[in-house]
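1. quick one: sequence and predicted model below, then my questions.
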Amino acid sequence: MMKKRKIGAVTVGQSPRTDITADADTFFHGQVEILESGALDSYSLEEVQSLSRPEGDYLLTSRMRDGAEVHVARSHILLNLQKCISHLEYLGAELILMFCTGELGSFCSSIPLLEPGALLRQTVPLACSSRHIITLTPSPAQADQSERRWRSWLPEFTFTSLPVSPYAVPPDFSEAIKTISRSSDTGLVIMDCLGFSMQMKKELEKQCTKKILLPREVLFSKAADLLEISK
């Protein structure tokens with residue numbers, strides 16, 4: 001029996017992120033064991049909700065182990081994210097995946113660390129058929145932040161960010177679909193959160209004629225390539 005490769009996954013919220021890893025085997029074909037660690041693993045929901053949100057701090061959306069959606073300022077979790085990376089290295093991971101598309105900053109890692117944001121910056125120019133892009137971001141509070149982030153990454157494009165939470169049950173794409181349908185100059189829709197699933201993408205595709213980019217597909221596909229996973 002083939003020994004499974006060990007890779008790590010770091011989430012801004014709590015591990016395990018079964019909502020994300022549910023799509024992983026489409027790419028890893030049973031050949032990978034995913035070790036997980038979360039920046040909020042030692043927190044209760046009440047403790048997370050009591051954390052301050054300093055003015056101007058970068059806001060991140062994730063979920064707790066039970067599925068509850070949480071919002072946290074980046075400054076509160078950067079040290080914990082680095083600890084997660086170091087812990088996964090200690091456990092023997094040969095590759096680490098960051099389960100967040102946001103702008104998190106630089107981390108130290110002795111093994112390859114795949115960040116979706118960096119992968120998307122490389123992918124978007126190749127995938128977009130026009131200069132305008134719509135991104136779906138998890139909360140209204142992140143819409144302006146998302147537009148600024150994408151403009152700084154790819155200044156040759158224009159961006160409109162629409163709030164849709166992947167953690168709502170079920171997610172409500174209705175208003176976003178109306179805007180996307182009216183936007184004739186949009187060449188790409190980015191579901192800009194690792195919380196969006198392949199099933200959610202399929203549901204959106206049924207009602208949207210635009211090309212759709214799903215970060216977890218980009219992330220898992222790149223990891224499978226690096227690990228030389230055979231189908």
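-> Received the coordinates, thanks.
2. C-alpha only now, for contacts and for neighbours.
-> OK.
3. domain parsing for the chain?
-> Following automatic domain parsing, one gets these domains for the chain: 5-115+218-227, 118-214.
4. which residues touch the residue nearest the centre of the chain?
-> With distances taken as CA atoms, centre = their mean, the residue of the chain nearest its centroid is residue 194 (2.7 Å). Residues in contact with residue 194, defined by CA atoms under 8 Å, 6 or more residues apart in numbering, are 20, 99, 100, 101, 215, 216.
5. related to what we said a few turns ago, could you dump the domains of the chain into CSV and include mean pLDDT?
-> Output for the domains of the chain, formatted as CSV (pLDDT from 0 to 100):
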stretch, mean pLDDT
domain 5-115+218-227, 96
domain 118-214, 95
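6. all the strands of the protein, residue numbers only.
-> 5-11, 32-38, 59-63, 69-73, 96-98, 113-114, 132-137, 158-163, 186-191, 212-213 (DSSP state E).
7. which other helices and strands contact the last one?
-> Pointing back at strand 212-213 there. If contacts are counted by 3 or more CA pairs under 8 Å, 6 or more residues apart in numbering; DSSP states H and E, strand 212-213 sits against strand 186-191.
8. pull the strand it packs on out as CSV, backbone CA atoms only.
-> C-alpha atoms of strand 186-191 as CSV (Å, rounded to 0.1, in the frame of the first residue of the first chain):
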residue,chain,number,x,y,z
THR,A,186,-16.8,41.8,-16.7
GLY,A,187,-14.5,39.1,-17.9
LEU,A,188,-14.0,37.1,-14.7
VAL,A,189,-15.7,36.4,-11.3
ILE,A,190,-13.4,35.4,-8.5
MET,A,191,-14.9,33.6,-5.5
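9. residue contacts, residue 186?
-> So residue 186 contacts 130, 131, 132, 133, 134, 180, 210 (CA under 8 Å, 6+ apart).
10. measure it to residue 227 for me?
-> Using CA to CA, to the nearest Å, residue 186 is found at 34 Å from residue 227.
11. is the closest residue to residue 51 other than its chain neighbours bridged to anything, and to what?
-> Nearest in space to residue 51, with sequence neighbours left out and distances taken as CA to CA, 6 or more residues apart in numbering, is residue 72 at 7.3 Å. Beta-bridge partners for residue 72, by DSSP bridges, are residue 60.
12. neighbours of residue 72, just the number please.
-> 22 (other CA atoms under 10 Å).
13. could you do residue 43 as well?
-> Neighbours of residue 43 (other CA under 10 Å): 13.
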